[in-house]
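1. this one's structure only:
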């Protein structure tokens, strides 16, 4: 029998509080986001001066209710539990005081001239420290450490050498205005506004789709669709995780939610545990680059760049399809290498799709269609997401008997969505600290000047630096905070070298996504390894091999912006340029997938595999004298390999 760390009454109290707070967050966010319909006025969006502190306070309360900030060891006595509760109360009290003072101060700032005093500085610092303690418990060291470094730099930057040296700050004015009492930067600034006003409806949409049974049905139908394919459940994992990951926006949550079904089936098909985990991790992570929702990060990108959300969806389409095409190809070549033949998948009777599962798919595709149609008709992204969310409720009640029998299931899903949103809001609050410090110090502008001088104006070198910075900063961090942090630091440098804003943001975003599968800290791969039973590091290496194209695509559309389809990307717009890169990229994906598997129709030697990967990279070089010879050599290589394998088969 499992022993609980807390008395049963306290556990129930915490669970009930987290449930209630999550539901309040969801309902408040919906009222804030509902668009106007004809003569019916909309209530939101509410004023930032009270909405921002209220939502952040509720988010922190939801997290503290779920788990005490002082990690309780097994077998801890009542004194330890009491100490944990006291820490929770002190931290939340400090945060509530700071949030309340934010509201009071921002109201006074509206009245005219206002000067901060020492009390404001200390209050701001108390709020920041309380938030970072909650972030440390929730998100771990990675994100919190970046916030701590930003704070240290803010207060000690005048002692740092060279590029990093900054003028001394006014501690009172700087602390209050930069970190806390600011509607643009800082913890409660514009980033928090984007997440509250725009992203929340999409997080709730994902929670409702999962609660309505649509997510589970998608997995079953995908398994049924690929039951006779070589890859079988591996192909099903790619399809279902990609589609659902686009809505959920969380790589780890997607791995855990779908991987418990798909990973054991992939293993039973004959694939290694590390490969099974790697496939699920790459597919789940890639959901964030898959239109139309893109894990809601596209909403932030739209606000930052001033480009419409619909335009970003269109721009993301072709690279996302190439990425998922590469995953399907990787599975095919791995299946050939292992000698796995096409045969029906051995599916557990409980996982077989029934008529209701096919009906449930309507609850996936109708809301996604609503999002796109609403955007076309001029609704805001938040309005489109809210309309899609509202479509799920009547569809669930009309189409799913299980929901009709227990409609409270949808209420539970909203509460889970509110709690998921709470965890994201805390991460974005810490990123707000970084935003405030960067804005106050002007470090990104200095960084851009130094990069421009040190790289000699080379776009490739600058992009390589941006890639490495994004992968390092993204270690252990959620995709959205990782993307925001690196674009704030590297964005100005990339723009100075001629990249269009959309291309620069998309480039950084791709590597923010890729960091979830990149060793040594690959959170999505580690989550998959916990299910597959393989080594976490080996699973991360397999995920990197399977998903290598995600590292190549950003460089491709940086040098061939026509891949992004929209004029905002700065492509030539000529049909032959588009046809050229599509043709070459298609062959490059096949060569990379087969080369890294060391197998095509028969086994490839190390030299053959290296040649394939080298030719794939060469055919993406912008010089025609390089890429066309590489392309035709790649075609010849595939034809020769096919002829050789046929001869071997005939002799056998």
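-> Thanks, I have it. Since the model is a prediction, treat every value here as computed from it, not as a measurement.

2. what's the nearest residue to residue 106 if we skip its chain neighbours?
-> residue 49 (4.0 Å; CB to CB, 6 or more residues apart in numbering). All C-beta spots, glycine's among them, are computed from the backbone N, C-alpha and C.

3. sorry, that was for residue 385
-> Nearest one to residue 385, counting by CB to CB, 6+ apart, is residue 201 at 3.4 Å.

4. what does residue 596 give?
-> In space, residue 596 is closest to residue 545, 5.2 Å off (CB to CB, 6+ apart).

5. same question, residue 501
-> residue 305 (4.6 Å).

6. OK, contacts around that neighbour?
-> 312, 501-502, 505 (CB atoms under 8 Å, 6 or more residues apart in numbering).

7. try it again at 7 Å.
-> Residue 305 sits next to 501-502, 505 when contact means CB atoms under 7 Å, 6 or more residues apart in numbering.

8. same deal with residue 17?
-> Taking CB under 7 Å, 6+ apart as the test, what residue 17 contacts is residue 65.

9. tell me which element the residue nearest to residue 106 is part of?
-> Under the criterion of DSSP states H and E, residue 49 resides in helix 48-66.

10. for the next helix-or-strand element following that helix, packing partners?
-> Remark: after helix 48-66, the chain's next helix or strand is helix 78-110, criterion DSSP H and E. Here helix 78-110 touches helix 48-66, helix 118-139, going by 3 or more CB pairs under 7 Å, 6 or more residues apart in numbering; DSSP states H and E.

11. mind running it again at 10 Å?
-> In terms of contacts (3 or more CB pairs under 10 Å, 6 or more residues apart in numbering; DSSP states H and E), helix 78-110 is packed against helix 8-33, helix 48-66, helix 118-139.

12. chain neighbours aside, what residue packs nearest to residue 129?
-> residue 94 (7.5 Å).

13. could you tell me how many residues sit around the one you found?
-> Counted with other CB atoms under 10 Å, the neighbours of residue 94 add up to 19.

14. that one against residue 132, yeah?
-> No - counting by CB atoms under 10 Å, residue 94 does not reach residue 132; the two are 11.6 Å apart.

15. in contact with the most centrally placed residue in the chain, which residues?
-> Nearest to the geometric centre of the chain sits residue 479, at 3.9 Å (CA atoms, centre = their mean). Residues near residue 479 by CB atoms under 10 Å, 6 or more residues apart in numbering: 249-251, 285, 288-289, 295-297, 509, 511-516, 523-524.

16. in helices, which of those residues fall?
-> 251, 285, 297, 509, 511-514, 523-524 (DSSP state H).

17. would you report the backbone torsion angles of residue 34?
-> phi -60, psi 130 (degrees, to the nearest 10).

18. surely it meets residue 380?
-> No - the criterion here is CB under 10 Å, and residue 34 misses it with residue 380 at 11.1 Å.

19. tell me, what's touching the two both at once?
-> Common neighbours of residue 34 and residue 380 (CB under 10 Å, 6+ apart) are 45, 386.

20. helix or strand next in line after the least confident helix or strand in the chain by mean pLDDT, which one?
-> None of the helices or strands of the chain scores lower by mean pLDDT, DSSP states H and E than helix 443-454, at a mean of 71. Proceeding N to C from helix 443-454, the next assigned helix or strand is helix 459-473, under DSSP H and E.

21. quick one: whatever helix or strand comes next after that next one to helix 118-139, angle?
-> Using DSSP H and E, the helix or strand that follows helix 459-473 in sequence is helix 479-496. Orientation check (axes from the mean of the first three to the mean of the last three CA atoms, to 10 degrees): helix 479-496 against helix 118-139 gives 110 degrees.

22. for helix 479-496, give the mean pLDDT please.
-> The average pLDDT within helix 479-496 is 79.

23. quick one: the helices in the stretch 151-300 of the chain?
-> 171-174, 190-194, 200-211, 214-225, 233-248, 251-268, 273-286, 297-305 (DSSP state H, counting those that start in this stretch).

24. pull up the gap between the nearest residue to residue 495 once chain neighbours are set aside and residue 127, please.
-> Leaving out its chain neighbours, the residue that sits closest to residue 495 by CB to CB, 6+ apart is residue 504, at 5.9 Å. According to CB to CB, to the nearest Å, residue 504 and residue 127 sit 32 Å apart.

25. quick one: which of the two has more around it?
-> residue 127 (27 against 23).

26. how about the contacts made by that one?
-> 53, 56, 94-99, 101-102, 179-181, 186-188, 429.

27. quick revisit: which of the helices and strands packed on helix 78-110 has the lowest average pLDDT?
-> helix 8-33 (a mean of 86).

28. would you mark the buried spots in that one?
-> 14, 18-19, 21-26, 28-30, 32-33 (16 or more other CB atoms under 10 Å).

29. next: stretch 152-161.
-> For stretch 152-161, by 16+ other CB under 10 Å, it's 153-154, 157.

30. now render those as CSV, adding pLDDT.
-> Shown next, in CSV, are the buried residues of stretch 152-161 (pLDDT from 0 to 100):
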residue, pLDDT
153, 89
154, 89
157, 82
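
31. from the residues you listed, which is closest to residue 84?
-> residue 154 (30.7 Å; CB to CB).

32. excluding its backbone neighbours, what's nearest the closest one?
-> residue 437 (4.6 Å).

33. what does residue 508 give?
-> residue 487 (4.7 Å).

34. how near is residue 195 to residue 413?
-> 20 Å.

35. next one: residue 392
-> Taking CB to CB, one finds residue 392 at 9 Å from residue 413.

36. what is in contact with those two at once?
-> Common neighbours of residue 392 and residue 413 (CB under 10 Å, 6+ apart) are 204, 207-209, 211-212, 403.

37. show me where the stretch 551-652 of the chain dips below the pLDDT cut-off.
-> Scanning the stretch 551-652 of the chain with the threshold set as pLDDT under 70 gives 648-652.

38. need phi/psi at residue 339.
-> phi 70, psi 20.

39. would you check that it makes contact with residue 269?
-> No - counting by CB under 10 Å, residue 339 does not reach residue 269; the two are 11.9 Å apart.

40. which of these two has more neighbours?
-> residue 269 (21 against 9).

41. and the pLDDT at that one?
-> 84.

42. contact partners for residue 371?
-> 201-202, 205, 247, 291-293, 309-310, 313, 379, 381, 384-385, 387-389, 391.

43. phi, psi of it?
-> Per degrees, to the nearest 10, the backbone of residue 371 is at phi -60, psi -50.

44. please report how far it lies from residue 275.
-> 34 Å.

45. with residue 152 instead?
-> With CB to CB as the criterion, residue 152 and residue 275 are 42 Å apart.

46. same question, residue 436
-> Residue 436 is 44 Å from residue 275, by CB to CB.

47. again, but for residue 294
-> 26 Å.

48. got it, and residue 393?
-> 39 Å.

49. looking at the two, which one has more neighbours?
-> Using other CB under 10 Å, the more surrounded residue of residue 393 and residue 275 is residue 275, with 25 against 16.

50. got the contact list for the closest residue to the more buried one other than its chain neighbours?
-> Nearest residue to residue 275, sequence neighbours excluded (CB to CB, 6+ apart): residue 542, at 5.4 Å. Residue 542 makes contacts with 271-279, 281-282, 330, 334, 517, 525, 528-529, 532, 534-535, as judged by CB under 10 Å, 6+ apart.
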